[in-house]
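K.L.:
sharing a model that was predicted from the sequence below.
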Amino acid sequence: MNSRNMPLCLVVWIVCAAVLPPSAFPAEKANEDCFDKAQTQADLNDCAGEEFAAADAELNRVYKAVLEKYKADSGFLGKLRTAQRAWLAYRDAEFEAKFPPSEHYGSIFQMCAAQYKAQLTRERITKLREWLDGAEEGDVCAGSVDLKSR
């Protein structure tokens, strides 16, 4: 079977599997269902957009939870807000480095862009969760991270 006989979504998945890291693919079952049901590139773009929107919503939820947990520590909160603004600038710069302006990305670009932004966002969520999860007792390098609740 040559690529002309394959459905477009299968060709797109083969290309993505070859060039994107495993972490760029959807992790949540609901989003996997979206990708499984996608029939066109537009559908795949929508699924990737939903994946990024979900990651962004989770980032905002976790960030607000950290703000709430540490609301009595104004010094830390100021530094966290500065770090979050810097991370947003980093995310945008990292994205631009990965996908510099070009007309050569084609119709798959929107999907790849959303998946990459979702990947970067999930990495930030992991870092922010450290403040919610807490540090182990005896972690002398925990810094501003509270100890885990028992």
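P.N.:
That came in fine, so what should we check first?
K.L.:
does residue 94 count as helix, strand or coil?
P.N.:
In three-state terms, and counting by DSSP: H, G, I helix; E, B strand; the rest coil, residue 94 is helix.
K.L.:
once you drop chain neighbours, what's closest to it?
P.N.:
residue 120 (6.2 Å; Cβ to Cβ, 6 or more residues apart in numbering). For the C-beta atoms, the positions are set from N, CA and C on the backbone; glycine is no exception.
K.L.:
wait, what's in contact with that neighbour?
P.N.:
Applying Cβ atoms under 8 Å, 6 or more residues apart in numbering, we find residue 120 in contact with 91, 94, 95.
K.L.:
where does it fall, secondary structure wise?
P.N.:
Taking DSSP states H and E as the criterion, residue 120 maps to helix 109-133.
K.L.:
pLDDT at the nearest residue to residue 149 once chain neighbours are set aside, what is it?
P.N.:
Counting by Cβ to Cβ, 6+ apart, the nearest residue to residue 149 once its immediate chain neighbours are dropped is residue 134, at 6.4 Å. Per-residue pLDDT puts residue 134 at 95.
K.L.:
isn't residue 134 right next to residue 144, touching?
P.N.:
No: using Cβ atoms under 8 Å, residue 134 is not in contact with residue 144; the gap is 11.2 Å.
K.L.:
no more questions from me, cheers.
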